[in-house]
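Visitor: Kindly generate the corresponding structure for this input.
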Amino acid sequence: MELLTNKKSGHSSTQRYVDVEEIRDGVLVLKTGALRAVLLVSSINFDLKSSEEQDAIISQYQNFLNSLDFPVQIVVQSRRFNIDPYIDLLKGKEAQQTNELLRFQMREYQGFIKNLTEISNIMSKYFYVVIPFSPVENEQGGLLQKIGDIFNQKKTVGLKSELFHTYRTQLMQRVDHVIAGLSPIGIRAAALETEELIELLYNSYNPSLYASTILKNVEAIELQS
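Guide: Residues are numbered from 1 along each chain as shown. So this is what the prediction gives:
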């Protein structure tokens with residue numbers, strides 16, 4: 001379990017505006033007690049598809065949306081392109097190169113790439129699907145009971161681990177449904193784990209450090225059958 005609160009000094013100025021109480025077993029637990037799972041999804045270049053392929057994608061996407069009986073949120077995040085791993089690769093190749101002329105050319109190429117990314121401000125886009133689950137959805141009873149449950153969700157989830165795991169299981173069923181629904185469209189998807197969720201939140205509230213962290217590589221994910 002990863003807590004976002006600072007027990008020694010209390011909430012920092014940023015933490016007061018974060019709706020997340022804790023990150024637990026790959027799930028965001030909000031201050032209201034509701035749960036959220038986050039999927040990192042790949043993209044497709046719709047404009048490069050033929051008209052028949054575009055029609056098929058639209059049809060599959062409609063089928064996916066019609067299959068949902070719960071809301072989802074689609075988030076697009078832009079970050080400065082992180083060129084450091086590629087530069088490190090080039091430096092390694094340069095160190096192994098015995099031809100002095102090629103070594104010089106590789107150094108010049110590294111400088112060109114650095115200048116290009118600094119001048120052009122190249123951005124990378126990341127796509128996420130946020131899937132919700134609220135314990136209130138599982139409750140039966142009258143209006144007053146449900147209103148009381150809303151204010152007691154945090155206490156219920158925080159103190160009763162067995163309830164958290166029950167709700168998490170139902171949330172993961174929704175996650176599996178979304179992954180399966182996106183697969184026919186040609187979109188890969190994977191749920192972010194605890195550390196990746198922490199990195200995502202940290203990067204979201206520290207925009208100047210967007211390029212410092214690399215999350216899950218969604219392009220390496222196998223398509224679900």
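Visitor: ok, longest strand in the protein?
Guide: strand 123-133 (DSSP state E).
Visitor: Check the offset of that strand from the chain's centre.
Guide: 5 Å (C-alpha atoms, centre = their mean, to the nearest Å).
Visitor: swap in stretch 31-44?
Guide: Centroid displacement of stretch 31-44 relative to its chain, using C-alpha atoms, centre = their mean, is 6 Å.
Visitor: do stretch 200-207 as well
Guide: With C-alpha atoms, centre = their mean, you get 11 Å for stretch 200-207.
Visitor: Now do the buried residues in that stretch.
Guide: Within stretch 200-207, the residues scored as buried using 16 or more other C-beta atoms under 10 Å are Leu200, Leu201, Asn203. In short, each C-beta sits where N, CA and C put it, glycine included.
Visitor: among those residues, which are in helices?
Guide: Leu200, Leu201, Asn203 (DSSP state H).
Visitor: How much space separates the second one from Val38?
Guide: Separation of Leu201 from Val38 (C-beta to C-beta, to the nearest Å) stands at 10 Å.
Visitor: Kindly report the same for the first one.
Guide: Distance, Leu200 to Val38, using C-beta to C-beta: 7 Å.
Visitor: who does the helix or strand hosting Gln105 touch, helix- and strand-wise?
Guide: Gln105 belongs to helix 100-120 when assigned by DSSP states H and E. Packing partners of helix 100-120 (3 or more C-beta pairs under 8 Å, 6 or more residues apart in numbering; DSSP states H and E): helix 84-96.
Visitor: Show me what the helix it packs on is packed up against.
Guide: Against helix 84-96 (3+ C-beta pairs under 8 Å, 6+ apart) you get helix 100-120.
Visitor: just the angle between the helix it packs on and helix 84-96, please?
Guide: 170 degrees (axes from the mean of the first three to the mean of the last three C-alpha atoms, to 10 degrees).
Visitor: thinking again about what came up before, adding distance to Met123, write the ones in helices among the buried residues of stretch 200-207 out as JSON lines.
Guide: What follows is those, written out as JSON lines (distance: C-beta to C-beta, whole Å):
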{"residue": "Leu200", "distance to Met123": "17"}
{"residue": "Leu201", "distance to Met123": "20"}
{"residue": "Asn203", "distance to Met123": "14"}
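Visitor: Going by distance to Pro135, which of those wins?
Guide: Taking C-beta to C-beta as the measure, Pro135 lies nearest Leu201 of these, at 21.9 Å.
Visitor: distance of the closest one from Ile44?
Guide: 27 Å.
Visitor: can you check Tyr109 too?
Guide: 31 Å.
Visitor: Quickly list what the most centrally placed residue in the chain is bridged to.
Guide: Taking C-alpha atoms, centre = their mean, the centroid of the chain lies closest to Leu40, which sits 4.3 Å from it. Here Leu40 sits in beta bridges with Tyr128, Ala190, going by DSSP bridges.
Visitor: just the CA coordinates of the helix or strand containing Asn63, formatted as CSV?
Guide: When secondary structure is defined by DSSP H and E, Asn63 falls within helix 51-67. Output of helix 51-67 as CSV, limited to C-alpha atoms (Å, rounded to 0.1, in the frame of the first residue of the first chain):
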residue,chain,number,x,y,z
SER,A,51,-12.3,3.9,-46.0
GLU,A,52,-13.3,0.3,-45.4
GLU,A,53,-10.9,0.1,-42.4
GLN,A,54,-12.2,3.4,-41.1
ASP,A,55,-15.8,2.2,-41.3
ALA,A,56,-14.8,-1.0,-39.5
ILE,A,57,-13.0,0.9,-36.7
ILE,A,58,-16.0,3.2,-36.2
SER,A,59,-18.4,0.2,-36.1
GLN,A,60,-16.2,-1.6,-33.6
TYR,A,61,-15.9,1.5,-31.4
GLN,A,62,-19.7,1.9,-31.4
ASN,A,63,-20.0,-1.7,-30.3
PHE,A,64,-17.5,-1.0,-27.6
LEU,A,65,-19.3,2.0,-26.3
ASN,A,66,-22.7,0.3,-26.5
SER,A,67,-21.3,-2.6,-24.4
